[in-house]
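1. for reference, the sequence and a predicted model appear below.
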2 protein chains.
Amino acid sequence: MAKIPPPPEAHHLVVVGAGFAGLQLVRDLQGAGLRITLIDQRNHHLFQPLLYQVATTILATSEIAWPIRRLFRERADVTTLLGQVSGVDPQAKRVLLDDGGTVAYDTLVLATGARHSYFGRDDWEGVAPGLKTLEDATTIRRRLLLAFEQAERETDPIARQALLTFAVIGAGPTGVELAGIIAELAQKILWREFRNIDTREARVLLIEAGARVLAAFPESLSDYAQGALEKLGVKVLFGRPVSDIRADGVTIGTEFVGCRTVVWAAGVAASPAAAWLGIAADRAGRANVDANLNAPGRPEIFVIGDTAAVATSDGKPVPGIAPAAKQQGAHVAKVIRARLAGKPAPAPFRYRHQGNLATIGKSAAVADFGWLRLRGAIAWWIWGIAHIFFLIGARSRVAVAWSWFWTFISGQHSARLITQGRSRVPDRTP
Amino acid sequence: MAKIPPPPEAHHLVVVGAGFAGLQLVRDLQGAGLRITLIDQRNHHLFQPLLYQVATTILATSEIAWPIRRLFRERADVTTLLGQVSGVDPQAKRVLLDDGGTVAYDTLVLATGARHSYFGRDDWEGVAPGLKTLEDATTIRRRLLLAFEQAERETDPIARQALLTFAVIGAGPTGVELAGIIAELAQKILWREFRNIDTREARVLLIEAGARVLAAFPESLSDYAQGALEKLGVKVLFGRPVSDIRADGVTIGTEFVGCRTVVWAAGVAASPAAAWLGIAADRAGRANVDANLNAPGRPEIFVIGDTAAVATSDGKPVPGIAPAAKQQGAHVAKVIRARLAGKPAPAPFRYRHQGNLATIGKSAAVADFGWLRLRGAIAWWIWGIAHIFFLIGARSRVAVAWSWFWTFISGQHSARLITQGRSRVPDRTP
């Protein structure tokens, strides 16, 4: 090992979750003299803001994911464990793993994120996958591509139309971005390659229960985004919630639409961190924490990122986006450093909103920095450069830049693969 | 569509399989005036010679696979269908699909390849996956990486040793290439990242029933390859076949070795093309064909590539490698063109051996061109440049070159992802 590990009696910090919040925390504690154990149920940190580009065949999985333990290979103070946490025993100060193992801690930070929520209709998950993991992305990619393949062989016009109908539920940034690229695939890329169908006749529905797309943006940018989507051929449906989803279609309000491919981008629920700790949570299941992101009455336990309920200075919930998670990780690193040094706690956590960005297809985007609102090609370039910058390491930056450059100049996507559906080898390992 | 499709009454050629043989055939029939239907059970053509690099975390899946229909998007005469062929009705001149569909043909070419053979022990497949598809590669990649992850958390020394023992069965090019990179991963890349284990203590066993590695190469190159493997820490075991494989280990001859990760690179069997046609096959199941690769008594049916039994001029079987498959595809294209033009058939198919190449880890390789034998760094560079050249399209060439360049200068692999194991979304589509 490159450096000398801290002694076994050093203060032991256990961090659960290597998303944006957990990663920032561990990074900011470099040199703090702690023993750190970082537990995640995946071996990779995932750059979720670009996950929709894996689902829509632009990027490869490995371009937006990095082995967690590689990120900390020079940090002798950090031990990375692949494991599934199933609970916490705050009395015994132990994290419980689903295989029966336990990990003792002096300080615990839960940064376990969120997953999709079907608002009580968990039976929809099988027919309307959400987008949180690499497997979710390759599942959606497979279904998208298979629908076109099956339509090419389908002779019944009704069945064919259902195969060529794609429904995206929820018009937040993820839904808008997915719908935009699916429409582009059908309108601009795939049509030359099929002989029995015209993929330009495909319908892409973006279904939103609320009154507009991108509700977190100013209304002028929502209007622009809607116009840009409609120009790509997306049909945006407002004000009617989805009342049912089945394998053969969705019911929007009372209207049934035949549809074989549905993507869920409508809601998220926090991971069960609050339940593990037995503390109060908000409606989305996010744990209520104090001004330093401590669990109530548990100064040694912090909850950060999408699984914590934190309010902005004007009382609104802090949004579930990467910059917010990173700021919380950085804040808790400061709190822990202050405590270890016997110094007073820093000022309470305060979220600094840096802006909202969303893209619509190949050269339109909206950006809201509060003091500046941008749309169109300029916003799209800012979006692209910012995301290249936020990727980890030169390797990924070059690889993603190359994939985007190639898509831009050739009009072709790099990762149009149907995989996973037919693996014949059963899985022995967990 | 870019060009005008041929009339419906044009001669209808059905090609089953878009591997090297099928792809070459369809390419060489450009402008021949046929209607061509290309059927494959996958949506992508796979560059199998580099598949082991996906299994060993160097390359991403999308770098060595291309959507078949994209390759022929400018060819209005080619219709690509995703479908699983289950048989042929030669009397009715129809291909049968597993979903009950049929496709009529005037001429049929079966280029359905080979898969792994467990020599009658199909129960080994679950514990010793082979390497033929992208899913096979990501399965092996997941198991390799999970073994190290589990070893990091394992406290029992015997179990830990079994987790850190990797067995590759079969010392042909694929087995040699897999064993070399697995050893490099353990010896040179991963050891810095683990805290409870030293991955340099991992054992990589290359198990060969025969007398030497790379039996198709001259003995001097086999010796060199064995030395290069041993320098990387691979333990090469000769002359004892594997008599059993279980989830907890392999039995070599009569000796049981605890081992949790086994990869099968020992044998292939042809696809059931011969059985579909009811014609004779050799021991590996490859269909006996005549000098023009026609099925006996069926001038309208050809069998090419790994599923055809073809002999070289000195009576040995043509090897199951990409250049051989391409030559057969090119030959049958010539035969079909001659027949359509009413000309005499070309001279019988004659295999031209261009050479054998295999790599051992990061900078050793062997090359046998008959008139020239190379080994070491020079062979490795020839191998690399040749494989970049054989990839399809500028996009993949740049992407693979970048991944290799990165691996070379940084010593890091780009695609060290554990995926597929925990997808929660059930698969609705076939």
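-> Now that the structure is in, tell me what you want to look at.
2. use CA for all of it now, contacts and neighbours both
-> OK.
3. against A:F369, how distant is A:I252?
-> Counting by CA to CA, to the nearest Å, the separation of A:I252 from A:F369 is 34 Å.
4. same check, this time on A:A265
-> Applying CA to CA to A:A265 and A:F369 gives a distance of 24 Å.
5. more neighbours: which of the two?
-> Counted by other CA atoms under 10 Å in any protein chain shown, A:A265 and A:F369 do not tie: A:A265 has more neighbours, with 27 against 13.
6. and the more buried one, how far is that from chain B?
-> In this view, A:A265 and chain B are 15 Å apart by CA to the nearest CA, to the nearest Å.
7. swap in A:A179?
-> Distance of A:A179 to chain B, computed by CA to the nearest CA: 20 Å.
8. same question, A:A65
-> 8 Å.
9. which residues does the residue nearest the centre of chain A contact?
-> Centrality entry for chain A: nearest residue to the mean C-alpha point is A:Q48, 3.9 Å, by CA atoms, centre = their mean. Contacts for A:Q48 (CA atoms under 8 Å, 6 or more residues apart in numbering or on different chains) come out as A:64, A:132-133.
10. doesn't A:H45 make contact with A:G19?
-> Yes. Applying CA atoms under 8 Å, one finds A:G19 in contact with A:H45, separated by 6.0 Å.
11. so who does A:E149 touch?
-> Counting by CA under 8 Å, 6+ apart, A:E149 makes contact with B:81-82.
12. same check, this time on A:L237
-> Here A:L237 is in contact with A:205-208 (criterion: CA under 8 Å, 6+ apart).
13. turn those residues into a markdown table, including pLDDT, secondary structure and distance to A:A287.
-> Below are the contacts of A:L237 laid out as a markdown table (pLDDT from 0 to 100; DSSP: H, G, I helix; E, B strand; the rest coil; distance: CA to CA, whole Å):
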| residue | pLDDT | secondary structure | distance to A:A287 |
| --- | --- | --- | --- |
| A:L205 | 98 | strand | 34 |
| A:L206 | 98 | strand | 31 |
| A:I207 | 97 | strand | 30 |
| A:E208 | 96 | coil | 27 |
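14. looking at the residues you listed, which one is closest to chain B?
-> Set against chain B, the nearest of the contacts of A:L237 by CA to the nearest CA is A:L205 (20.3 Å).
15. burial count for A:F20?
-> Residues within reach of A:F20, counting by other CA under 10 Å, total 26.
16. count the residues that sit near the closest residue to chain B within the stretch 151-300 of chain A.
-> Of all residues in the stretch 151-300 of chain A, the one sitting closest to chain B is A:E193 (4.5 Å; CA to the nearest CA). Residues contacting A:E193 under the criterion other CA under 10 Å number 24.
17. residues touching the spatially closest residue to A:I388 that is not a sequence neighbour, list them.
-> Excluding the flanking residues, the one nearest A:I388 by CA to CA, 6 or more residues apart in numbering or on different chains is A:R397, at 5.6 Å. When contacts are counted by CA under 8 Å, 6+ apart, A:R397 touches A:388-389, A:391.
18. buried ones among those?
-> For the contacts of A:R397, a burial check counting by 16 or more other CA atoms under 10 Å in any protein chain shown picks out A:388, A:391.
19. cool, thanks, signing off.
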